[in-house]
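J.: I'll drop the sequence and a predicted model, then ask my questions.
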Amino acid sequence: EGTRVFAVGLSKHVHREVAGVISKLGGRLLTAYSASEPPHVLVANDVRSERYLEILSIAKTPVVLPEWVRACGKAKRQLPYEGFRVAPLAGLVVCVTGVDQARRPAVQQTVEGAGGTYSKDLVPSVSHLIAVSTNSEKYEMALTWKATHVVSFQWLQDSLESRARQNEKRYPVAQASNRNSRPSNKAGGD
C-alpha cells in the first residue's frame, strides 16, 4: 500500500505485468524518481543499468527480481525481500589481471557466487576488468573499450560486502611503479 516502485531492464511484457500487480496492491510504479522521492523498491533482472547505480546513490533501496512482485500479487500483500534480492554481480562479466594464477579459481567462485560470470580472457563482453595494477596488456586494452569498466579489487570486495554493485568511478586502479613493473603476456593470459 503506497509503495513506490521503479523498474529497470525488464522486457515490455514483464514491465506491464509488474505494473498491473503493483497497481492492484495499491502501489505506484514510478516513471521518474528524485532524491526527495526515491523508490521504496527497485525491480530488475540484473545490476547492469546505470539507473540502478543512480537509485542506489540516493537511497538504500532494495533491489528485487520481478518474481517478488509476482509473489506479492499471489499473496495479495507485500512480502519480505529475502529470497528475491538481485545478486550483486547479476548480469556482469568479470575478468581479472595481475591476480596470481593460484588465486583465480577463488575469484571465479566468488564472482559466480555473487551472480556474475567470470571470463579468463578479456573479450568485448567483459563488463568489468579488475586490475591489481596498471601494468598489463589487459588493462591497456580494456581502457580502449567503452563498455568495460576498469576497477580495483576493492570494487569487488565492496560490492560483495554491500550486496550491491558499487559505482565504478570510486575504484580507480593504482598506478604501477617502474620498479615493480613486469612485462605482460598476451591479452588473454595475464
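T.: Perfect, thanks for sending it.
J.: how about residue 53, secondary structure?
T.: Following DSSP: H, G, I helix; E, B strand; the rest coil, residue 53 is assigned to helix.
J.: these two touch, right, it and residue 167?
T.: Yes. Between residue 53 and residue 167 there is a contact at 5.3 Å, judged by CB atoms under 8 Å. All C-beta spots, glycine's among them, are computed from the backbone N, C-alpha and C.
J.: For residue 94, pull up the helix or strand it's in.
T.: Under the criterion of DSSP states H and E, residue 94 resides in strand 93-97.
J.: Over to residue 156?
T.: helix 153-162.
J.: Next: residue 47.
T.: Using DSSP H and E, residue 47 maps to neither a helix nor a strand.
J.: isn't it right next to residue 163, touching?
T.: No. The pair residue 47 / residue 163 is not scored as a contact, 10.5 Å apart, by CB under 8 Å.
J.: Give me the common contacts of the two.
T.: Between them, residue 47 and residue 163 share these contacting residues under CB atoms under 8 Å, 6 or more residues apart in numbering: residue 88.
J.: neighbour-wise, which of the two wins?
T.: residue 47 (27 against 13; other CB atoms under 10 Å).
J.: what separates the more buried one from residue 85, distance-wise?
T.: For residue 47, the distance to residue 85 equals 11 Å [CB to CB, to the nearest Å].
J.: who touches both of the two?
T.: Contacts common to residue 47 and residue 85, judged by CB under 8 Å, 6+ apart, are residue 63.
J.: Strands of the chain, residue ranges please.
T.: 4-8, 28-29, 41-44, 63-64, 93-97, 117-118, 128-131, 149-151 (DSSP state E).
J.: Could you tell me which strands sit next to the last one in the sheet, and their orientation?
T.: Same thing as strand 149-151. Paired neighbours of strand 149-151 in the sheet (DSSP bridges): strand 128-131 (parallel).
J.: My guess is residue 33 contacts residue 39. True?
T.: Yes. In this structure residue 33 lies within contact range of residue 39 using CB under 8 Å: 5.5 Å.
J.: burial measure for the closest residue to residue 158 other than its chain neighbours, as a count.
T.: Leaving aside its chain neighbours, residue 158 sits nearest to residue 166 (4.9 Å; criterion: CB to CB, 6 or more residues apart in numbering). For residue 166, the neighbour count with other CB under 10 Å is 22.
J.: Contact partners for residue 166?
T.: 155, 158-159.
J.: average pLDDT across the strand holding residue 94?
T.: Averaging pLDDT along strand 93-97 gives 98.
J.: Pairing partners for that strand, with directions?
T.: strand 117-118 (parallel), strand 128-131 (parallel).
J.: between these, which gets nearest to residue 11?
T.: strand 117-118 (20.4 Å; CB to CB).
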